[in-house]
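Asks: I would like to see how this sequence folds:
(chains A and B)
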Amino acid sequence: MTDMNETGFVDSQESIRLENIGTEDLFNRAAAIQKILFENGAEVPVEEIESKLKEMTEIFKVPAAESQRSVTNAFLKKYNISKTKTFTEKKSAAVKKIAEITAMADMPDTWIDCTGKVIQIWENTHESISQAGLVGDETGVIKYTIWSSAEIEPLELNKTYDFKNAVVKSWNDKASVTLNKASLIAPSAEEIITVKANETVLTEIKDRVNELRTVAELHQGGIWTDLKANIVQIFEKTHESISYAGVLGDETGTMRFTIWKTAEVERLEAGKSYLFKNAVTKEWNGNFTVEINRAGKIEEVDEKIIAKAAVFELCGCAVDIQAGSGLIRRCPECNKVMTKGMCGEHGKMKGKYDLRIKAVFDDGLKAHETIINCGLTQKLIHMELEDAVVTATENLDPECINEIVKQELIGKYYRVRGAKTDRYIIAETVERVNHVDTGRIERMKEIIADELKKDKNEKAETVKSSDFEAFEKILNSIGNEDENDETEAV
Amino acid sequence: MPGYFREIAVRMFAKELKDSDMVYREEEEQYAPQYVLTPTGAKANRVLISGVLTEIENIGSGAEYYKARIADPTGVFTIYAGQYQAEAARFLSEAATPAFVTVIGKVTAFKTDDGNTLLSVRPEYIQNADEKDRNLWIAETAEKTHERISAAEIQADENIKIVLDHYAPDFSEYRKMILQALKTVVSN
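Replies: Numbering: from 1, shown residues only, chains lettered A, B, ... in the order given. Here you go, the predicted structure:
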């Protein structure tokens, strides 16, 4: 007990619990572990298990239950016994055809085995789900969900699998199949060739005819729609399963968009307009995004769509220039900014030069991150893109253009107008503030001079009133000794 | 952006920073941002300064470590730049005095043996400026300081209560300071 306190690792409650692990308890736990191992064909002397448990509880001060768990798993691993197998093989589930499972909507939580061909894989909607989609056999098609906790490799499209220990779930009177920690999936020996309803299900989504809606009409989740919009901004850092994410807009407003890798969109450029086909809206933190997934596609359109965005204006001092400013290179394939000659997606590329500035303008109330495009940058640094490339080459350092940007902008006041997105202001105009508003200065002087006069009068009054109070107190204190202290304090 | 926000560069005159000695961190952690609470109720981690570079001194023994003075109409800011402010140190090693400069930097505090708190600025950027830039800064700093005083007089939030308690500031003194600064701005 004293030892434990000295280590300082355990709180008092834990120490009490640890103290309760008697030799008998330890032995029982070791025996339980031995039994599990024995059932899985591994013979381990109970003393060996006991000494491991003792090490956990006494040296590392791990609570008994956690020690048991950890030691069990360590031995299972040592003898190459699959955890899933250990706890599940006892269950024997009935083999079902898909049509039979579909009819089991009123029997949720039934364990079943089945064989099915993956005919559709859906966009992942939740981190606790590793994959969802449709599987089918000659009798029908059903939705499947693989929980992340199942630790099962994602299934491949058009392959046939044997599903063991799957659970039937029911949602809105429709049955589906879920795969959890206890489930096993293995490629099937027999391939299912014909899947009933395969074609109809697929066409249902792929060739759905959607209404062409505007951004303003998409303030609701779950709408399948077509949409013509201009790409206002493309975010640089996104998830690996996303090809492009950013902000798009039309005459009615702007919203976020996400284009998943599965949509196989090769190239998207900010400033260009596209027709989004078969897009779907999602609610996200109270905002709405429009997504393009496997079922959707985009086409560039010639029309010039102008995104309506709230014009944002500020006047502030340039206090920082962020990394990735100055002379940059964009991937010719996807137009994303490359770092050290590498595109995050396409690897080593020649790259196309561009100028831009990511500046922070501070107006004393907020630091506004602002993106300044090539045209505006050229004006601000008095240098054309071609000259910048020449200068960088002569200096053997593209960073030297960023130095010029810093020299030119930092510490100077600018008036910035642009479209405000989630994080950045996309600058439309950036003008150096060139003169001091002397009228404003004169007005300020007057106001402050007035206030100073008032201050003076107030001070005079406070002096007067405090004099009076002191005098009154002196009067009161005569014949009242108790108040003497207070009088002195005044 | 959850988690991260950039500290505003607070506009304040040299006198206000010189009068300040209340430095605190909102969290106990070593890397939690440090703030100075000034007599007009500004809570500053970062400041924006524009003034005249009047003196540069290399006080480093061995490695270069620069101490410089930047004057505004109300007083002097002291800045220190060493190896971790490489750009600023390089600027100071080449700069001539006097010169108009603008500095963006962090307020740092040093406690002397006799218990006084000395505040200085560790520059993130120091850049050449001109008189017009300086005047823009004075106008803006005057306005922001005046706003702080007005706010402190009307509404006492938690910080203002601490400020009034700690400094017992005479706001007319700071109004005079603003007026003094504004008077140096002549129409151009």
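Asks: A:Val430 contacts A:Leu409, correct?
Replies: No - the criterion here is Cβ atoms under 8 Å, and A:Val430 misses it with A:Leu409 at 9.0 Å. The way it works is simple: take the backbone N, C-alpha and C, and place the C-beta from them, glycine included.
Asks: so for the host helix or strand of B:Val163, mean pLDDT?
Replies: B:Val163 is part of helix B:158-167, with elements assigned from DSSP states H and E. For helix B:158-167, the mean pLDDT works out to 89.
Asks: can you tell if it touches chain A?
Replies: No - using Cβ under 8 Å from any Cβ of the partner chain, helix B:158-167 stays clear of chain A, with a minimum separation of 15.3 Å.
Asks: count of neighbours near the spatially closest residue to A:Ala103 that is not a sequence neighbour?
Replies: Among residues not flanking A:Ala103 along the chain, A:Ala175 sits closest, at 7.4 Å (Cβ to Cβ, 6 or more residues apart in numbering or on different chains). Around A:Ala175 there are 21 other residues, counting by other Cβ atoms under 10 Å in any protein chain shown.
Asks: A:Ala175 belongs to a helix, doesn't it?
Replies: No - under DSSP: H, G, I helix; E, B strand; the rest coil, A:Ala175 falls outside any helix and is assigned strand.
Asks: next one: it from chain B, what distance?
Replies: For A:Ala175, the distance to chain B equals 39 Å [Cβ to the nearest Cβ, to the nearest Å].
Asks: so who does the spatially closest residue to B:His166 that is not a sequence neighbour touch?
Replies: Among residues not flanking B:His166 along the chain, B:Met22 sits closest, at 5.6 Å (Cβ to Cβ, 6+ apart). By Cβ atoms under 8 Å, 6 or more residues apart in numbering or on different chains, B:Met22 lies in contact with B:36-38, B:117, B:162-163, B:166-167.
Asks: tell me how far B:Gly41 lies from chain A.
Replies: 14 Å.
Asks: quick one, helices of chain B?
Replies: Secondary structure of chain B by DSSP state H: the helices cover B:14-18, B:86-94, B:131-154, B:158-167, B:171-183.
Asks: please tell me how far the first one is from the chain's geometric centre.
Replies: What separates the centre of helix B:14-18 from the centre of its chain is 7 Å, taken as Cα atoms, centre = their mean, to the nearest Å.
Asks: and the contacts of it?
Replies: B:36, B:38-40, B:42, B:47, B:49, B:51, B:70-72, B:74-77, B:107, B:119, B:121, B:145, B:174, B:177.
Asks: any idea of the mean pLDDT in stretch A:276-293?
Replies: With pLDDT averaged residue by residue, stretch A:276-293 scores 83.
Asks: which one of the contacts of B:Met22 has the most neighbours?
Replies: Neighbour counts for the contacts of B:Met22 peak at B:Thr38, which has 27 neighbours (criterion: other Cβ under 10 Å).
Asks: relative to B:Asp19, how far out is that residue?
Replies: Going from B:Thr38 to B:Asp19 by Cβ to Cβ, to the nearest Å gives 7 Å.
Asks: again, but for A:Ile81
Replies: Taken as Cβ to Cβ, the span from A:Ile81 to B:Asp19 is 72 Å.
Asks: grab the nearest non-local neighbour of the most centrally placed residue in chain B.
Replies: Among the residues of chain B, the one closest to the centroid is B:Val47, at 5.0 Å (Cα atoms, centre = their mean). Among residues not flanking B:Val47 along the chain, B:Val10 sits closest, at 5.3 Å (Cβ to Cβ, 6+ apart).
Asks: show me what contacts the one you found?
Replies: When contacts are counted by Cβ under 8 Å, 6+ apart, B:Val10 touches A:364, B:42-48, B:144.
Asks: can you give me the pLDDT of it?
Replies: Looking at B:Val10, its pLDDT reads 97.
Asks: do me a favour and get the end-to-end distance for stretch B:66-82?
Replies: Stretch B:66-82 has an end-to-end distance of 6 Å (Cα to Cα, to the nearest Å).
Asks: my bad, stretch A:347-354
Replies: By Cα to Cα, one end of stretch A:347-354 lies 18 Å from the other end.
Asks: quick one on the thing from earlier: show the buried residues in the contacts of helix B:14-18.
Replies: B:36, B:38-40, B:42, B:47, B:49, B:51, B:70, B:72, B:74-77, B:107, B:119, B:121, B:145, B:174, B:177 (16 or more other Cβ atoms under 10 Å in any protein chain shown).
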